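Asker: Would you be able to build a 3D model of this:
(2 chains)
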Number of protein chains: 2
Amino acid sequence: MHCVSRQAVRSTYPLYVPRRPREYCAIQFALTTHVTRGATCPAPQNIESKMGSLDGFIQRVRECNTGLEELPSLTAFLIDGKEVGKLKLRFVDQLRRFPKVFIVEGTPGPSGRVTLAPDLDTCDKRSAKVAEVLQVLRTEGFITGWRDELYPVVAAFNDLPLLLVERAAATHLGIKAYGVHINGFVRDPATGALRLWVARRSQTKPNWPGKLDHIVAGGQPHGLSCRDNVLKECSEEAGIPPELAATARPVGAVSYLTIAANGYKPDVLFCYDLELPPDFVPTPQDGEVSEFNLKPIEEVAEIVATTTEFKTNCCLVIVDFLIRHGYITPEQRGYLQLVAALRSGDCS
Amino acid sequence: MHCVSRQAVRSTYPLYVPRRPREYCAIQFALTTHVTRGATCPAPQNIESKMGSLDGFIQRVRECNTGLEELPSLTAFLIDGKEVGKLKLRFVDQLRRFPKVFIVEGTPGPSGRVTLAPDLDTCDKRSAKVAEVLQVLRTEGFITGWRDELYPVVAAFNDLPLLLVERAAATHLGIKAYGVHINGFVRDPATGALRLWVARRSQTKPNWPGKLDHIVAGGQPHGLSCRDNVLKECSEEAGIPPELAATARPVGAVSYLTIAANGYKPDVLFCYDLELPPDFVPTPQDGEVSEFNLKPIEEVAEIVATTTEFKTNCCLVIVDFLIRHGYITPEQRGYLQLVAALRSGDCS
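Answerer: Reported below is the predicted structural model:
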């Protein structure tokens, strides 16, 4: 297979406007190659080798799925017979101190489990008593980063919550946490080229200070649908008016599993695409973002593939965007591995 | 939460052109609701209950993943130490007849395995000898539907093939088979509404006669990249010229596992979106399609959710399209289950 000049392709296909130079190769290949019916090896390996490696993207996905060697040591957390979280030993030891709320059964680890006291038989009762425990652990400095934001504890998304807990306790309890991430992009009307709005997180943020981020992203709290959360976060984080934010389109979800120092983190991110008018400029509203920049999608891809500048979980959502918009192709080695790896977590 | 009239929303957001009536509910909800910080249950369940069930889509995905209770009885097929397939007992018994080519080690089932004779140490040698065996089984009527099309046998996509085999033997050998499916759609320039080109398979096709299908879909043979296969199939199946077919965009992959009467079928389909001009009309080229119809995407969704009119594996690709284009939303119960289920197979 040989690549040909743009001029040669244009003379063959005057109507064709390629998006990327490598498409010339594919077309020329199609013009000159037929299906081989004889038993001739090897495969079309040399096509792919020209098209770049996906190793950088795969590495970013790995960085979202770390610490899993500790998985066998975690203790299941059950409510109403359903597993809703996983706990590290150090947190089980804290919960033991509150036997009127948390019951530790058996030896911590894969054979043991933690449940709630049987008289806590409604979501309201559980939430009130667990909140008292979490406040004690907050006062003692065990739980940091208190947000005053409630997360629902569920066995699966959209289930009725079995318990509501402060967001800062989510990882300690190992509950599934959900979020929304919005790819805010601008399409060049003439060429179709895409640019992505990239936020720089404020240096004063407690988590991931100074890292690159999506134009808008947020945890999914109790009491809001994903869509309404998108409208709320668009307004709060980037000054995107609701009539524009309402055009954000849900496009799927990614998931990952991390075991961090403070606990188990099985996260699911709902992904949205929001096409913005070329003249729209987001403005930092709440001090969480220091600046917004509009970057060509190829530059964003390069940053993701070659640096750790982005907040880690944003990389999954951006890779998903690159796949859905055809910037990563099946001809690149590792394509299927990457597609599958984007949902390595507990997608429930 | 209450739904409001279109007029009421228009007076609040004069610029907002909704795509679907339910968006009014979401916006009105956002206008009247704030994040609940108190421990108030239950969750926003009543929002979702109005938005329809995804059960029909989930049922279609299930129909692509059947017979898995037989999985523990299959025998691994290895080449060069790598598992490349799984075999039913009845096929192992056939292969035993050819001990100069196939070696059956141990008892068929999870503890046994089938390999190739050690002197078959190149892809060419293996392909030639295995072809002789398959021809015998074809002559005896054991292998039907011969295609004269070679599939590569690999441990993972884009690996160098370890063996090339006739496509009709793929399921018997339980090898991973890859295909390309193209969503050929038309976008209404005024409203943005999508319509999908739907093919009706010829009544004379040996597989799935008379079923609905994608405008273009095909198995991924040895010797062509996915992209070149798209160009080839677009031309052969629907008369789509290469300059138009070249605008097809790879958008991801779905996978499924079926254990059928004739063997194990771990399939991966590469999905493409091809936006077609409103005046383009596909034409059946090779007798495989009896007619093409352009249907509103909502009608296609309804057919998939409520009937088995589509060739089963097309349903996965269409559900993926509906998710990526925002027609299925996180507010619908089962969203994450559906997102995860689209890649239930061996996505490697």
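
Asker: what distance separates the helix or strand where A:Val254 lies from the centre of its chain?
Answerer: Secondary structure from DSSP states H and E places A:Val254 in strand A:249-260. Its chain's C-alpha centre and that of strand A:249-260 lie 4 Å apart, by CA atoms, centre = their mean, to the nearest Å.

Asker: Need the nearest residue in space to A:Cys99, chain neighbours excluded.
Answerer: Careful, residue A:99 is Pro and not Cys. A:Ala117 (7.9 Å; CB to CB, 6 or more residues apart in numbering or on different chains). For the C-beta atoms, the positions are set from N, CA and C on the backbone; glycine is no exception.

Asker: what's the angle between the strand holding A:Val254 and strand B:249-260?
Answerer: With axes from the mean of the first three to the mean of the last three CA atoms, to 10 degrees applied, the angle from strand A:249-260 to strand B:249-260 works out at 70 degrees.

Asker: residues contacting A:Val101?
Answerer: A:Leu95, A:Leu116, A:Ala117, A:Leu120, A:Lys129, A:Val130, A:Glu132, A:Val133 (CB atoms under 8 Å, 6 or more residues apart in numbering or on different chains).

Asker: from what I can see the fourth one touches A:Glu132, true?
Answerer: No: the criterion here is CB atoms under 8 Å, and A:Leu120 misses it with A:Glu132 at 11.5 Å.

Asker: Just the closest of the contacts of A:Val101 to B:Cys315, please.
Answerer: Nearest to B:Cys315 among those is A:Leu116, at 41.1 Å by CB to CB.

Asker: Going by secondary structure, A:Leu244 is in what exactly?
Answerer: Going by DSSP H and E, A:Leu244 is in helix A:242-245.

Asker: ok, and does that helix reach over to chain B?
Answerer: Yes: using CB under 8 Å from any CB of the partner chain, helix A:242-245 reaches chain B at A:Pro242, A:Glu243, A:Leu244.

Asker: will you turn those into TSV that also has neighbour count and pLDDT?
Answerer: Below are these laid out as TSV (neighbours: other CB atoms under 10 Å in any protein chain shown; pLDDT from 0 to 100):
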residue	neighbour count	pLDDT
A:Pro242	18	97
A:Glu243	16	97
A:Leu244	20	98
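
Asker: Save these as JSON lines, and put in distance to B:Ile259 too.
Answerer: What follows is these, written out as JSON lines (distance: CB to CB, whole Å):
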{"residue": "A:Pro242", "distance to B:Ile259": "50"}
{"residue": "A:Glu243", "distance to B:Ile259": "51"}
{"residue": "A:Leu244", "distance to B:Ile259": "49"}
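
Asker: For B:Asn262, state which of the residues you listed is nearest.
Answerer: Using CB to CB, these come closest to B:Asn262 at A:Leu244, 53.6 Å.

Asker: Now do the contacts for the closest one.
Answerer: So A:Leu244 contacts A:Cys234, A:Leu274, A:Leu276, A:Pro277, A:Phe280, B:Leu15 (CB under 8 Å, 6+ apart).

Asker: show me what contacts the fifth one?
Answerer: Taking CB under 8 Å, 6+ apart as the definition of contact, the neighbours of A:Phe280 are A:Val186, A:Ile240, A:Leu244.

Asker: now it: how far from B:Asp55?
Answerer: Separation of A:Phe280 from B:Asp55 (CB to CB, to the nearest Å) stands at 39 Å.

Asker: Please, where are all the helices along chain A?
Answerer: Taking DSSP state H as the test, the helices found in chain A are A:6-12, A:22-32, A:45-49, A:55-63, A:89-95, A:123-139, A:170-173, A:226-238, A:242-245, A:297-306, A:312-324, A:335-341.

Asker: any chance of these in TSV, plus distance to B:Phe292?
Answerer: Below are the helices of chain A laid out as TSV (distance: least, CB to CB, whole Å):
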stretch	distance to B:Phe292
helix A:6-12	27
helix A:22-32	23
helix A:45-49	31
helix A:55-63	37
helix A:89-95	59
helix A:123-139	52
helix A:170-173	50
helix A:226-238	35
helix A:242-245	37
helix A:297-306	33
helix A:312-324	26
helix A:335-341	29
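
Asker: For A:Ser290, which of those helices is the nearest?
Answerer: helix A:226-238 (12.3 Å).

Asker: still on that earlier bit, highest neighbour count among the contacts of A:Leu244?
Answerer: For the contacts of A:Leu244, the largest number of neighbours (other CB atoms under 10 Å in any protein chain shown) sits with A:Cys234, at 27 neighbours.

Asker: ok, back up a step: could you single out the nearest of the contacts of A:Val101 to chain B?
Answerer: Distance to chain B across these (CB to the nearest CB) is lowest for A:Val130, with 9.2 Å.
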